[in-house]
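Novice: The following comprises the amino acid sequence and a computationally predicted model.
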Amino acid sequence: MGARMKMLRPWHLVLGVALAYVLLTLARYEFDPLKFALIGSQYDQGRVDGTPGYDGQFAYQIALDPTEGWRKTDVPAYRYQRIVYPLAARALALGQPMLISWALILINVAALAAGTWCTEEILGHFGANRWYALAYGLNAGTLMGARLDLTEPLAYGLAQAGVLLILKDRWRLASWLLALAALTKETTLLFAAGALLTAVARRDGRRAIEMSFIVGIPFAGWQLILLGWFGQFGAGSGGALATPFELAPLRGLWSIAALDLRVFALIAAAAVPMAVLPALIGLWQVARDARRRMFDLPMGVLLFNAAVILVTPQSTFREPLALARFVVGLIAATLMYAAARRSKRGLRYAQLWLFTLGLALNESQLPI
């Protein structure tokens, strides 16, 4: 029994929890995989007064019909910029419509487990306890990604794989994985930015230029295609009803107080420990490193993933699940940085993100 326990790894536990969650959800909805996508009648049927559904429906519609699926999305260019996940599902399903919804689930469960394994390896690289990786695999942002056919599990799994390869000094392959991550969810570009900063700080111009081309050209090229197709770039702050990125630090949060103080207090109670406080602590640590001229990969990745919290849109702060999804990069960055600096306090603080699982347990908050 003891030997078996020693063989147990965090990714095993995450995979088990994800599979159990998937099976329980399927059982609850008569094993209908479309219940994961939360398809709303507003976009699927074009009813103005219909239900809005949730973001996973757009990945499903694109996977179902890549050329015409845009007609059933809210902001086509924004949704199509995240093209890797739906195309991967379509490929896995061999183009069979009945299998696509199952493929979306399978990819995310596998990506969640793989991303947790990569996080384990990153922690192990710095000599930290691998079990701290549970904060990556069992937070609301990644686990609900598997529940709702969202892009986070695959996008951040690819990003973590890229980070791990950089730590192993395999920059070219890492660049390709980061390029795929960017085309799965654009916020993972923050990982590439951190890696580029590291290369520049080390005066490694060859790697900086190579990564810029490998990651930047496919992303920019796809944005130009989206511009020609839909008349606008895909890059933006969100879909329908999204507010823009802010210029004043944390205005996305404190501006809510001007609308309703009670709502602000409720939102701040979740947003401050989930995003604001860890971001500010991270930026303080990064500033201290900069003064000491300690420019390494953990510092660079944390810098960009913490800084983006300062400009997070109000629409993201207003929705707890949206914020939980948005901070996945910050969670991964915090874990790596704390491991690299041998900060048990930082690693332990990161485990507080496990409490966001409360969002996963309360499906009454979902637009079902």
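Specialist: In hand now; what should we look at? Residues are numbered from 1 along each chain as shown.
Novice: What is the neighbour count of the closest residue to Ala174 other than its chain neighbours?
Specialist: Leaving aside its sequence neighbours, Ala174 sits nearest to Leu165 (C-beta to C-beta, 6 or more residues apart in numbering; 3.7 Å). Backbone N, C-alpha and C define where each C-beta goes, glycine included. By other C-beta atoms under 10 Å, the residues close to Leu165 number 19.
Novice: Same question for Leu165, what's its three-state structure.
Specialist: Using DSSP: H, G, I helix; E, B strand; the rest coil, the three-state assignment for Leu165 comes out as helix.
Novice: give me every residue that touches the nearest residue to Leu354 once chain neighbours are set aside.
Specialist: Closest residue in space to Leu354, ignoring its immediate chain neighbours: Leu138 at 5.6 Å, by C-beta to C-beta, 6+ apart. Contacts for Leu138 (C-beta atoms under 8 Å, 6 or more residues apart in numbering) come out as Leu13, Val14, Val17, Leu354, Leu357.
Novice: repeat for Ile107
Specialist: Counted by C-beta under 8 Å, 6+ apart, Ile107 has contacts Tyr85, Ala88, Ala89, Leu92, Pro153, Leu154.
Novice: what about the fifth one, neighbour count?
Specialist: By the measure other C-beta under 10 Å, the count of residues near Pro153 is 31.
Novice: where does it land in three-state SS?
Specialist: Criterion first, three-state DSSP; result for Pro153: helix.
Novice: Contact partners for it?
Specialist: So Pro153 contacts Ile107, Asn108, Val109, Ala111, Leu112, Gly115, Thr142, Gly145, Ala146 (C-beta under 8 Å, 6+ apart).
Novice: Centre-most residue in this protein?
Specialist: A centroid search over the chain (C-alpha atoms, centre = their mean) returns Glu152, at 3.6 Å, as the residue closest to the centre.
Novice: Quick check, that one in contact with Ala140.
Specialist: No. When contacts are counted by C-beta atoms under 8 Å, Glu152 is not listed as touching Ala140 (10.0 Å).
Novice: Which neighbours do these two have in common?
Specialist: In contact with both Glu152 and Ala140: Arg325, using C-beta under 8 Å, 6+ apart.
Novice: Now do the SS call for the closest residue to Leu38 other than its chain neighbours.
Specialist: Closest residue to Leu38 apart from its sequence neighbours, by C-beta to C-beta, 6+ apart: Tyr54 at 4.0 Å. Secondary structure state of Tyr54, per three-state DSSP, is coil.
Novice: ok, Tyr54 - how many residues close by?
Specialist: 20.
Novice: Gly221 now?
Specialist: 10.
Novice: And it, how far from Gly228?
Specialist: Noted for Gly221: a distance of 11 Å to Gly228, by C-beta to C-beta, to the nearest Å.
Novice: for Leu261, same thing?
Specialist: Relative to Gly228, and taking C-beta to C-beta, Leu261 is found at 46 Å.
Novice: Can you pull out the low-pLDDT segments for the stretch 251-368 of the chain?
Specialist: Counting by pLDDT under 70, the ranges of the stretch 251-368 of the chain that qualify are 361, 364-368.
Novice: returning to what we had before: could you report the pLDDT at the residue nearest to Leu38?
Specialist: As summarised for this prediction, Tyr54 has a pLDDT of 96.
Novice: One more: Phe58?
Specialist: 98.
Novice: Residues contacting whichever strand or helix holds it, please?
Specialist: Element membership for Phe58, per DSSP states H and E: helix 56-64. By C-beta under 8 Å, 6+ apart, the surrounding residues in contact with helix 56-64 are 34, 36-40, 43-44, 69-70, 72-74, 79-80, 82-83, 85-87, 89-90, 93, 97, 100-101, 103-104, 148-151, 239.
Novice: Filter these down to the buried ones.
Specialist: 34, 36-40, 43-44, 69-70, 72-74, 79-80, 82-83, 85-86, 89-90, 93, 100-101, 103-104, 148-151, 239 (16 or more other C-beta atoms under 10 Å).
Novice: Enumerate every residue touching Gln223.
Specialist: Gln81, Phe233, Gly234, Ala235.
Novice: Farthest-apart pair in the residues you listed, please.
Specialist: Distance extremes for those: the farthest pair is Gln81 and Phe233 at 8.0 Å, using C-beta to C-beta.
Novice: between these two, who's got more neighbours?
Specialist: Taking neighbours as other C-beta under 10 Å, Gln81 and Phe233 compare with Gln81 leading, 23 against 15.
Novice: What pLDDT is listed against the closest residue to that one other than its chain neighbours?
Specialist: Leaving aside its sequence neighbours, Gln81 sits nearest to Gly234 (C-beta to C-beta, 6+ apart; 2.9 Å). Looking at Gly234, its pLDDT is 97.
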